[in-house]
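[1] what follows is a protein structure lacking sequence information:
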Ligand code: SF4
Ligand code: SF4
């Protein structure tokens with residue numbers, strides 16, 4: 001089963017430079033032409049299924065605007081509150 005990932009984009013930091021778009025090996029990122037950030041840029045978003053959570057996009061982003069998540073088999077366990 002393929003690994004499933006997803007990203008969060010900070011509207012405060014993304015400047016729409018598209019470095020991540022071109023770096024994504026799955027080609028699932030694009031500028032969101034429907035939205036503008038407070039600074040007036042079109043931010044990136046996932047435009048298709050297939051993100052693997054590889055985090056290459058986050059590594060190349062000069063603004064540290066991306067947070068990458070990856071689904072793991074014990075995700076529910078991790079999300080549970082600490083015992084005690
Ligand atoms: S590399 Fe960073 S700043 Fe550039 S478009 Fe992607 S998320 Fe936005
Ligand atoms: S984590 Fe990897 S596959 Fe997902 S959007 Fe970023 S570069 Fe693309």
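    Looks like it came in fine. What you see is a predicted model; the values in this text were computed from it and never measured. Residues are numbered from 1 along each chain as shown. Ligands and ions are numbered 1, 2, ... in the order given.
[2] residues making contact with the helix or strand hosting residue 45?
    Assigned by DSSP states H and E, residue 45 belongs to strand 44-46. With Cβ atoms under 8 Å, 6 or more residues apart in numbering as the contact definition, strand 44-46 has outside contacts at 6-7, 9, 14, 16, 18, 20-21, 28-32, 35, 57, 66. C-beta coordinates here come from the backbone N, C-alpha and C atoms, glycine included.
[3] stretch 23-30 too?
    With Cβ under 8 Å, 6+ apart, stretch 23-30 has contacts from 7, 20-21, 44-52, 54, 56-57, 59-60.
[4] restrict those to those near ligand 2?
    Counting by Cβ under 6 Å from any ligand atom, 7, 51, 52, 54, 56, 57 from those sit close to ligand 2.
[5] got a list of what the fourth one touches?
    Going back to what we said before, that points to residue 54. So residue 54 contacts 5, 25, 26, 68 (Cβ under 8 Å, 6+ apart).
[6] over to the first one?
    With Cβ under 8 Å, 6+ apart as the criterion, the residues that contact residue 7 are 29, 46, 51, 57, 58, 66, 67, 68, 69.
[7] please see if the strand holding residue 45 touches ligand 1.
    Yes. Interface with ligand 1: strand 44-46 contributes residue 44 (Cβ under 6 Å from any ligand atom).
[8] who does that strand pair up with?
    Applying DSSP bridges, strand 44-46 is found paired with strand 29-31 (antiparallel).
[9] count of residues packed around the closest residue to residue 38 other than its chain neighbours?
    Excluding the flanking residues, the one nearest residue 38 by Cβ to Cβ, 6 or more residues apart in numbering is residue 11, at 6.4 Å. Per other Cβ atoms under 10 Å, the neighbour tally for residue 11 reads 13.
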